[in-house]
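Q: 3D, please:
(one chain, ligands or ions: 1)
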Amino acid sequence: MIIINPIGDNLQVGTRIHWDEATRSLYYVDLPQSTIYRYKPASNLITKAKVGDQPLAFAFPVKGKTDRFIAGLGRNIVILKWDGETDSVCHCTTVCEVDAHPDKAKNRLNGAKVDPFGRLWVGTMGPQDENGLTVPGLGSLYSVTKGSCTRHLSNIGISNGLAFDVDNKKMYYIDTLFPGVYQFDYDGEHGEISNQKELFTFKKHDIQGLPDGLTIDREGNLWVTALQSASIIHFDPKKGEVLKTIHMPTPQVTSITFGNDKLNILYVTTAKLPIDGKIPDEPAGCTFKLENVHIKGAPGYSYKYKDDDDQAV
Ligand SMILES: O=C(O)[C@H](O)[C@@H](O)[C@H](O)[C@H](O)CO
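A: Next up is the predicted model:
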């Protein structure tokens, strides 16, 4: 039986949880609070630092540097310096600004992941009203490599979870408003995607809620977190079948990763986002550890700033 235990504080919107092998830490963010978190399972210690006053959509380590992160602040992709211990963060460099067109000035960055080649994939979404309704069709998906940014898709609702299967040359991508998972042929070497297909829709599989976070295991199967329905869906993309559903103790399940040295523990973030105007009760916003999953996950990857190891960040 899977054992589910909470870790740490209740965040407003915990998300983009990432396992960093180099520091044996989990990094994640509280998006609206613009705060980066680090959790070290070995010592059970959590540290955090406020980054700015714009939504912090993600913060992933830069390869070879334990104190540099590529992060999304508002519509800007930036490099941060944080030692993981103190509460002081320096915003060193702006890598690029996305959705710079005046029609998209109120957009913000949202879902993101670093691929196995060290390239950042990151998407945007339109503004949300006070009820959390998002203006549809304003988002895009970009990739960022060696400091340069390419747009791959537009007309996205809420750009969210991403996962890469290098062996089968596939990329999986969630548009929360679709709502479901798209599959692409993925050329990791060149950072190109093609042949977009609707892989899995919540409607077709009769699943409640909206898809948000995504990760992949060593067998090439997907783990999708669902907003509003307290669930994680384990899905086989080759057969197009749901393998199992895990029920979580809180409804807004935002992001998921495999972690620890053996990559056999699932770490999951949640949010206190309102449902029908009501903020869910405790333990909404907690991060959770799921043990006894009996499956190993794919590792997390760090952003490669430059090709060589001497990365001048
Ligand atoms: O991406 C996430 O993990 C968070 O859940 C949010 O960014 C939501 O997607 C967004 O607020 C839409 O409700």
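
Q: if I look at Ala163, how far off is the ligand?
A: Ala163 sits 14 Å away from the ligand, taking CB to the nearest ligand atom, to the nearest Å as the criterion. From N, CA and C alone the C-beta is placed, and that goes for glycine too.

Q: wait, Thr66
A: If you go by CB to the nearest ligand atom, the gap between Thr66 and the ligand works out to 25 Å.

Q: and the closest residue to that residue other than its chain neighbours, what is it in contact with?
A: Closest residue in space to Thr66, ignoring its immediate chain neighbours: Thr23 at 5.6 Å, by CB to CB, 6 or more residues apart in numbering. Residues in contact with Thr23 (CB atoms under 8 Å, 6 or more residues apart in numbering) are 38, 40, 61, 66, 84.

Q: save the residues you listed as a markdown table, and put in neighbour count and pLDDT too.
A: Compiled in a markdown table, the contacts of Thr23 are given as follows (neighbours: other CB atoms under 10 Å; pLDDT from 0 to 100):
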| residue | neighbour count | pLDDT |
| --- | --- | --- |
| Arg38 | 21 | 98 |
| Lys40 | 14 | 98 |
| Pro61 | 26 | 98 |
| Thr66 | 15 | 93 |
| Gly84 | 19 | 97 |
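
Q: quick check: of the residues you listed, which lies closest to Asn131?
A: Arg38 (33.0 Å; CB to CB).

Q: that closest one touches Pro61, doesn't it?
A: No. Assessed by CB atoms under 8 Å, Arg38 is found out of contact with Pro61, at 9.9 Å.

Q: shared neighbours, those two?
A: 23, 27.

Q: so whichever residue of the stretch 1-150 of the chain sits closest to the ligand, which of the three states?
A: Closest contact between the stretch 1-150 of the chain and the ligand, by CB to the nearest ligand atom, is at Thr15 (3.4 Å). With DSSP: H, G, I helix; E, B strand; the rest coil as the basis, Thr15 sits in strand.

Q: from here on, count from 625
A: Sure, I'll start counting at 625 from here, so that last one is Thr639.

Q: per-residue pLDDT, it?
A: Per-residue confidence (pLDDT) for Thr639: 98.

Q: mind listing what it touches?
A: Per CB under 8 Å, 6+ apart, neighbours of Thr639: 652-653, 655, 681-682, 836-837, 878-879, 893, 895.
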